[in-house]
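J.: Okay, predicted coordinates and the sequence, questions at the end:
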Amino acid sequence: MKIRLIKFKSVKSTNDIAIKLIKKKKTQPTLISSEKQTKGRGTMGKKWISQKGNLFISIFFEINQKRINFKQFAILNAFILRKLVSKFISKKIKIKWPNDLLYNKEKICGILQEVISYNQKDYLIVGIGLNTNFSPKNKSFSSTSLKNMINKSINNKKILKNIKNKYEKFLIEIKKFSYKELEKKYKKLK
């Protein structure tokens, strides 16, 4: 299933753009990317530090919560992103449930999921902040970047393409397979 790609130079939040598109009835599966976020959001109202040079995206698509619910998607999204990041580095990436990827207890990725109901349909928005080239300074936790881990600059376009391709396959799979089958498939690291 094809995912539309929309790129921005700067937005307040890629998740906010996703919400606006859904409310404007532009509901085909979409990936929104921005070079910069001025008001990136984390879970529980926390701020996501969006340092230019890192990757900030949101993907949204219609879901059937009777088939796979919000909490199950949180698990699957963490597994998918861990698997994607692990392709770029050979180091062990841990999941801090439900929404962070860590390396040596330092955050490299945050995931913010939101469900928006519109016209009797539910849409899942998956916001992803991935520290590719910079490690934002945060008082609450320490962070790292993929660049720090492998000692070379990261091509965000390559990672964005990989994420888009993986989610295009995933959108087909969520119609074919049960949650348990998908969990088993994506739980494997490689």
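T.: The structure has been received and is ready for your questions.

J.: Can you give the contact residues for stretch 21-36?
T.: Identification of contacts with stretch 21-36 by Cβ atoms under 8 Å, 6 or more residues apart in numbering yields 1-11, 14, 17-18, 50, 52, 55-62, 116, 118-119, 121, 123, 125, 160, 163-164, 167, 171. To be clear about C-beta, it is placed using only N, CA and C from the backbone, and glycine gets the same treatment.

J.: How far away from the center of its chain is that stretch?
T.: Its chain's C-alpha centre and that of stretch 21-36 lie 14 Å apart, by Cα atoms, centre = their mean, to the nearest Å.

J.: How about stretch 77-89?
T.: Here stretch 77-89 is found 10 Å from its chain centre; the criterion is Cα atoms, centre = their mean.

J.: in that stretch, what's buried?
T.: 77-85, 88 (16 or more other Cβ atoms under 10 Å).

J.: for stretch 48-55, same thing?
T.: So stretch 48-55, judged by 16+ other Cβ under 10 Å, has buried residues 48-51, 53-55.

J.: now swap in stretch 144-160 and tell me
T.: Quick answer for stretch 144-160 (16+ other Cβ under 10 Å): 144-147, 149, 154, 156, 159-160.
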